[in-house]
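# Sharing a sequence plus its predicted fold:
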Amino acid sequence: MNFNFTEDQLLMKEEVKKLLDKENSVKRNRNILEGEEKFDKELWNQLVQMGLTATTIPEEYGGIGMGFLELCVIAEELGRGIAPVPFSSSVYLATTAILNSSNEDVKKEFLPKLASGEIIGTFAHSEKTTFPSESGISVAAKSGKISGKKVAVPDGDIANFALVSATSDKNKIGLYLVDLSADGVEIDSLETFDPSRSHADISFKNTPAQELSTDAWEDIEKLLDQSAVLFAFEQVGGAEAAMNQAKDYAMGRYAFGRAIASFQAIKHKVADMYISLQLARSNCYYGAWALSNDAPELPTAAATARVSATKAFYECSKENIQTHGGMGATWEFDCHLFYRRARLLSSNIGSQGIWKDKLITSLEKSNSPT
Amino acid sequence: MDFNDTKDEAKFRDEVSSWLSANADKKEHAKDIYRPAEMSGESESGESSALKDAKAWQAKKYDAGWACLHWPKDYGGRDAAPMERVIWGQEESKFKVPGGFFEIGQGMAGPVLMLYATEEQKKRYLPPMAKGEEIWCQLFSEPGAGSDLAGIKTKAELDGDTWTINGQKVWTSGAHYSDYGIIVTRSDFSAPKHKGLTYFFLDMKSPGVEVRPIKQITGGANFNEVYFTDVKIPDSQRLGEVGDGWKVSLTTLMNERLAVGDASGVDFQEIFELAKDQDFNGDTAISNGAVREKLADWYCEQSGLKYTKMRNISALSQGSTPGPEASITKIVSANKLQDIANYGMDLMDNASIARDEETAIFQGSLLGAPLIRIAGGTDEVLKNIIAEQVLGMPQDIRVDKNVPFNEIPTGSKN
């Protein structure tokens, strides 16, 4: 039995961590948060050069032909470094969606460019809510063109193309590939809660769209499950970083004549962070197993990983601020960067309530949930 | 990443499984439990017939070489690898077999004897312990010393080569059916707290040992008070040096933490089934969003514990040492047990108050959970252990260090 990553995968994780440490990814997050740039192009290029955008793409399409397990360890490190790059949109979502598709022309055209970082993609799905139901999608496709509006699309003002969910001619939800520089596309950048990651509203007016599928609701559900595991690893990485910050600060901060880490009130707080982190990490491992094996358990495993990782990152990031006291709530300290990122990641592919509901729904469908 | 046995593991699992199939009844449902064939009526819980059956099953395992697998063969084990012990446990749990009497001896007393007893003593005491012929208990906690175990006051005085023990222990599981016990005492009241302790094993039938049951909030009585009045222990039954009892106790407690696992009682499956059946505002409870959120939280905890265990087993299978992650198990499972039991009774509304087949497991779990959160390290002690031993945070500053024990206030002052 080997319910763990391989030595090579762990080595890769270490390499990504080294790069993000060396490049001071957290400081770069702050620069993007405070500056005018939408993402850190320098850091993005380094990740591309390291081959990370090519991870899951087969060699025949210009990738390096590794799997989702490698992507899981990368995701954890991007979370630890709260990296200000469009990796989740372009790799977890856009690349995976195209890999899932059976459209060979699209694969041949887009995968090599995604692998080489020449283009960036995103998934434009949210409308009134970040997680619309099948009947809640108003963007419509007709005769190769789409019209309507997608809201708060992650990296919508960075990406070159988007995969857009839209009602097809057949009154089903289809999936369309849209060049975001095409006619009839209007992109409005948003001021957001966490400006280290850019979001934009995108309006389409008779915009040319390449059809991937006219009946894609199940594909979209699957894409969200797949990406949920990767988002969960990113959340676990962030949660662990926040827990370690709290612990390190408490060890060095003296009050009442002693390190505050020696008070049970603080120790128990950090122990609680550790507990929620370990539960999340173990559930993420199960998610990774289901994802990499394309197992029928994926919907349950993905929702479990997602729900517990969302909880862990929220708890660790908020109690990290609390442990720091007043300084933790200043702009100057980094605690709020993790607190913001925790909130952002919770929203990006659907809220906690939605994923909890999805989890119970998938357990109701399976006969033996345990 | 996989859950598959190695070739050797699969072979061993087959061997285990075929012996178990030939000698025990397989469970039809995962939650099936063993019930004694004859309830003799000697006690409400049928404890004496359960004990008889457990002894018979343990002896059967012993004779076939399946008792205390990881122990050396010379002491009644089979020199099994850690992974083989895990596989045995996984397979045995699929069968309806009795248990629950030998864990303290085999899990805590055995390892201490192996480290500190003479060769002659090991050969005398370990095989009957493995076979279940002789049952052991652990005499540690006292009325004034629970989480703060080093605060014990049971007195040991040496005269020639015989010690005399006076004092009281409490929360001793199974003292009423035990043949032997391990005990930590204070041999020097003027030494600092952790320095004046001495550790022994003793015959529970010794004159001056009196066992009184403690009735718990569940109504059952699994624990005891044990009184010692001029009880004699030969110096040859001392384990470790005089004054070194704390070190020996820590060995025992480390094993206790390994021995304490998931809390038994209601879990996700029970509350999930209940929510599907239970009426709630004119619909089933499970169709209510608030109920679904609660269920999801508990599922995530249960799943998190399950795969934490898998990560540990995987480490054993790969020949490495398991990490400290499993230290979260008892805190999470005991609190989950309590909350699920409470929520289940809430869902059943006023009907939950009556004791019947459906409510009994929720009621029993609700009453049993507080003790599980306390036994074998309270939630608070376990969080200290996580903070100090796993995360490397400093110990509390202590006011009782390097102070002669007889100058330290202890116990209850109100």
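Nice, I can see it.

# From here on, just use CA atoms for contacts and neighbour counts.
Fine.

# show me where chain A has strands.
Ranges of strands in chain A, per DSSP state E, are A:121-124, A:140-142, A:145-154, A:161-167, A:173-179, A:185-189, A:199-208, A:210-213, A:254-255, A:258-259.

# deepest of those strands, which one?
For the strands of chain A, the largest average neighbour count (mean count of other C-alpha atoms under 10 Å in any protein chain shown) is found in strand A:121-124, namely a mean of 29.

# Show me what it is in contact with.
Strand A:121-124 has contacts (C-alpha atoms under 8 Å, 6 or more residues apart in numbering or on different chains) with A:89-91, A:93-95, A:114, A:150-151, A:153-156, A:159-165.

# For it, which strands pair with it and how are they oriented?
Partner strands for strand A:121-124, per DSSP bridges, with pairing direction: strand A:161-167 (parallel).

# before we move on, the earlier item: mind giving me a markdown table with the strands of chain A and columns for mean pLDDT?
Below are these laid out as a markdown table (pLDDT from 0 to 100):
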| stretch | mean pLDDT |
| --- | --- |
| strand A:121-124 | 98 |
| strand A:140-142 | 94 |
| strand A:145-154 | 96 |
| strand A:161-167 | 97 |
| strand A:173-179 | 96 |
| strand A:185-189 | 97 |
| strand A:199-208 | 97 |
| strand A:210-213 | 93 |
| strand A:254-255 | 96 |
| strand A:258-259 | 94 |
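
# Can you lay out those strands as TSV showing distance to residue A:309?
Output for the strands of chain A, formatted as TSV (distance: least, C-alpha to C-alpha, whole Å):
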stretch	distance to residue A:309
strand A:121-124	22
strand A:140-142	34
strand A:145-154	20
strand A:161-167	26
strand A:173-179	28
strand A:185-189	28
strand A:199-208	22
strand A:210-213	31
strand A:254-255	31
strand A:258-259	30
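
# residues from the stretch 251-370 of chain A in reach of chain B?
With C-alpha under 8 Å from any C-alpha of the partner chain as the criterion, the stretch 251-370 of chain A meets chain B at residues A:251, A:261-264, A:267-268, A:270-272, A:275, A:278-283, A:285-286, A:289, A:304-305, A:307-308, A:353, A:356-357, A:359-360, A:369-370.

# switch to 7 Å and redo it
Applying C-alpha under 7 Å from any C-alpha of the partner chain, one finds that the stretch 251-370 of chain A approaches chain B through A:251, A:261-263, A:267-268, A:270-271, A:275, A:278-280, A:282-283, A:286, A:289, A:304, A:308, A:356-357, A:359-360, A:370.

# Would you list the buried entries among those?
A:251, A:261-263, A:267-268, A:270-271, A:275, A:278-280, A:282-283, A:286, A:289, A:304, A:308, A:356-357, A:359-360 (16 or more other C-alpha atoms under 10 Å in any protein chain shown).

# I'd like the distance between the residue in the stretch 101-250 of chain B positioned nearest to chain A and residue B:378.
Proximity to chain A, evaluated over the stretch 101-250 of chain B using C-alpha to the nearest C-alpha, is greatest for residue B:147 at 14.2 Å. Relative to residue B:378, residue B:147 is positioned 7 Å away (C-alpha to C-alpha, to the nearest Å).

# Residue B:190 now?
29 Å.

# more crowded one of the two?
residue B:378 (18 against 13; other C-alpha atoms under 10 Å in any protein chain shown).

# got the contact list for whichever residue of the stretch 101-250 of chain A sits closest to chain B?
Going by C-alpha to the nearest C-alpha, chain B is nearest to residue A:247 of the stretch 101-250 of chain A, at 7.5 Å. Shown in contact with residue A:247 (C-alpha atoms under 7 Å, 6 or more residues apart in numbering or on different chains): residue A:270.

# how about the residues of chain B that lie near chain A?
Counting by C-alpha under 7 Å from any C-alpha, chain B sits next to chain A at B:1-6, B:269, B:292-293, B:296, B:300-301, B:303-305, B:307-308, B:310-311, B:314, B:317-318, B:325, B:328, B:383-384, B:386-387, B:393-396.

# For PyMOL, what selects the buried ones among those residues?
To isolate the buried members of the residues of chain B next to chain A in PyMOL, using 16+ other C-alpha under 10 Å:
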select buried, chain B and resi 1+5+269+292+293+296+300+301+303+304+305+307+308+310+311+314+317+318+325+328+383+384+386+387+393+394+395+396
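
# which ones among the residues of chain B next to chain A are found in helices?
If you go by DSSP state H, these have B:269, B:292-293, B:296, B:300-301, B:303-305, B:307-308, B:310-311, B:314, B:317, B:383-384 in helices.

# what's around residue A:21, how many residues?
15.

# and residue B:186, what is it in contact with?
So residue B:186 contacts B:152-156, B:196-198 (C-alpha under 7 Å, 6+ apart).

# rerun at 6 Å
B:153-156, B:196-197 (C-alpha atoms under 6 Å, 6 or more residues apart in numbering or on different chains).

# Please apply the same query to residue A:313.
A:235, A:239, A:342.

# Low-confidence regions, the chain specifically.
Looking at chain A here, since you left the chain open. The model of chain A has pLDDT under 70 over residues A:367-370.

# wait, I meant chain B there
B:37-46, B:255-263, B:413-414.

# now do 80
Residues of chain B meeting the criterion pLDDT under 80: B:30-33, B:35-47, B:252-264, B:321-326, B:410-414.

# mind listing the strands for it?
B:25-26, B:95-96, B:136-139, B:155-159, B:162-170, B:180-186, B:197-203, B:209-214, B:223-234, B:238-239, B:279-280, B:283-284.

# I'd like to know which elements the third one is packed against.
Strand B:136-139 is packed against strand B:180-186, with contacts defined by 3 or more C-alpha pairs under 6 Å, 6 or more residues apart in numbering or on different chains; DSSP states H and E.

# Count the neighbours of residue B:409 for me.
Neighbour count for residue B:409, taken as other C-alpha under 10 Å: 10.

# what's the distance between it and chain A?
21 Å (C-alpha to the nearest C-alpha, to the nearest Å).

# Could you pull up phi and psi at the residue nearest to residue A:172 when sequence neighbours are not counted?
Residue nearest to residue A:172 in three dimensions, not counting chain neighbours: residue A:215, with 5.6 Å by C-alpha to C-alpha, 6 or more residues apart in numbering or on different chains. With angles defined as degrees, to the nearest 10, residue A:215 sits at phi -140, psi 80.

# got the domain boundaries for chain A?
A:7-115, A:121-215, A:218-365 (automatic domain parsing).

# Looking at those domains, which one is packed in the most?
domain A:218-365 comes out most buried of those by mean count of other C-alpha under 10 Å, with a mean of 22.

# what's the offset of that one from the middle of its chain?
13 Å (C-alpha atoms, centre = their mean, to the nearest Å).
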